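>>> When you get a sec, could you give me coordinates for this:
(chains A and B)
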Amino acid sequence: MQIQDFEKIFQGKIDTEVKIEPKDWMPDAYRKTNIRQISQHAHSEVVGMLPEGNWISRAPSLKRKAILLAKVQDEAGHGLYLYSAAETLGMSRDEMIEQLLTGKAKYSSIFNYPTLTWADMGAVGWLVDGAAILNQVMLCRTSYGPYARAMVRICKEESFHQRQGFEILLVLSKGTPEQKAMCQDAINRWWWPSLMMFGPKDTESTNSDQSMKWKIKRKTNDELRQQFVDMVVGQIKVLGMTLPDADLKWNEDRNHYDFGEIDWNEFWAVVKGNGPCNKERLDARNQAHVEGAWVREAAMAYAEKKAKKLEMKVA
Amino acid sequence: MNNLIIKQYYGDYGEIETGAASTISTETAWHLWEVFIRSKQGLDHKHAGSLHAADAQMAIENARDVYTRRMEGVSIWVVESKHITASNPDEAGELYEPAIDKVYRHPTFYDLPDEVGHM
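Coordinates of the predicted model:
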């Protein structure tokens, strides 16, 4: 068979909604796109632990502390599901980690913003996880089997993240004037970065077309972003808070909310490494990796010693 | 020692295809394990995913933390991925061909009168 025949069979599977599995033939570009997307998704989960980890020791009650710990532990698990999915495409875990630590691989820019107050834990859960969920629900139907399965598992767990975030804000919104102000301030700071999470506009997104044809993605950046805006506008009424956008209004003709222009200069600045916390996040990951080296080595040495002992016993 | 890291599919071991394989030292790299979870007594163990661990005990403990945080399991199996042999999708045609023309193996193949009732 010629390469064109393989490509035809491959695209045929995609078109008829048959999932691609690790041992199936796939175009190199499909493999590479998936490796890039899945590993960066994994890195985002791992780096995403840092802004929230910041508040574990400062949570206002034991209940909130336990919830936050569980959420951060979930993020670690999500990173692991995704690394495992990416590994099935032929890149080793070590290589992915190396790309993260050297800054070669990107992760979601949203985690380069600081978490300044307790209300940020609410805003991150509600807005940031809310935006991530829309993306991840779509990815449950992505064409690469291991990625889709990881997403199904993640979505099941992610819903608690968004709800606990909203609940944090709900409690603050009914609190003292200071607590209400804290709630509004967190929403103001996280709103625009959350909208940026969906990526560049469709007219400027280079990978989108091919990813849609291969059904890696099934909705465009702008479609998802609009879905997010429509959803949040409804929910914020419950909080009695406002979104920091003067252009936000219902559009009868489109049957959607119109919203203001994103500051794309800020978007690209953070993507290129000049966000408020880019350096801090990478330094923290590198430090954790270096300081954890002895644990990884000791565990391996112990396992080898035990295996040797067992061998001698058998002999 | 710079071993070539070999692509490890679920249930597959030892093929290199793309240029994506790296040359990072494997000296401290933990093994890859496949995890199977029995969700409740009476049901089969089902493949849940994979993880890295230095030995079987650690694989079980990591599997508990990663795959059963919400009481998804009452029993865990782990097996090192390299011990699994998987069929090749390119040979699926030949492999399953013998089953294709034997419709008489299905109960619906037999046309029985209604009077027989449920059988």
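>>> which residues in the stretch 101-250 of chain A form strands?
Here the stretch 101-250 of chain A has its strands, by DSSP state E, counting those that start in this stretch, at A:249-251.
>>> quick check, the helix or strand residue B:96 falls within touching chain A?
Using DSSP states H and E, residue B:96 maps to helix B:92-100. No - Helix B:92-100 does not reach chain A (Cβ under 8 Å from any Cβ of the partner chain); its nearest approach is 10.0 Å. C-beta coordinates here come from the backbone N, C-alpha and C atoms, glycine included.
>>> near chain B, which residues of the stretch 151-300 of chain A show up?
A:153, A:157, A:293, A:296-297, A:299-300.
>>> Sort out which of those are buried, if you could.
Listed as buried from those are A:153, A:157, A:299-300; burial here means 16 or more other Cβ atoms under 10 Å in any protein chain shown.
>>> sorry, back to before: any chance of the residues of the stretch 151-300 of chain A next to chain B in JSON lines with secondary structure and pLDDT as columns?
Formatted as JSON lines, those follow (DSSP: H, G, I helix; E, B strand; the rest coil; pLDDT from 0 to 100):
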{"residue": "A:153", "secondary structure": "helix", "pLDDT": "93"}
{"residue": "A:157", "secondary structure": "helix", "pLDDT": "91"}
{"residue": "A:293", "secondary structure": "helix", "pLDDT": "93"}
{"residue": "A:296", "secondary structure": "helix", "pLDDT": "93"}
{"residue": "A:297", "secondary structure": "helix", "pLDDT": "93"}
{"residue": "A:299", "secondary structure": "helix", "pLDDT": "94"}
{"residue": "A:300", "secondary structure": "helix", "pLDDT": "93"}
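>>> Could you find which two of the residues you listed are furthest from each other?
Maximum pairwise distance in these, criterion Cβ to Cβ, is 31.3 Å, between A:157 and A:297.
>>> Which single one of the buried ones among the residues of the stretch 151-300 of chain A next to chain B is nearest to chain B?
Proximity of those to chain B (Cβ to the nearest Cβ) peaks at residue A:299, which lies at 4.0 Å.
>>> Am I right that the closest one is in contact with residue B:54?
Yes - in this structure, residue A:299 is within contact of residue B:54 by Cβ atoms under 8 Å, at 4.0 Å.
>>> Spit out the residues that contact those two alike.
Each of residue B:30 lies in contact with both residue A:299 and residue B:54 under the rule Cβ atoms under 8 Å, 6 or more residues apart in numbering or on different chains.
>>> Which parts of chain B are helices?
B:56-67, B:92-100 (DSSP state H).
>>> Just send the ones you listed back as JSON lines, with mean pLDDT too.
Output for those, formatted as JSON lines (pLDDT from 0 to 100):
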{"stretch": "helix B:56-67", "mean pLDDT": "95"}
{"stretch": "helix B:92-100", "mean pLDDT": "89"}
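>>> what's the most buried one of those?
Most buried of the helices of chain B, by mean neighbour count (mean count of other Cβ atoms under 10 Å in any protein chain shown): helix B:56-67, with a mean of 18.
>>> Done for today, thanks.
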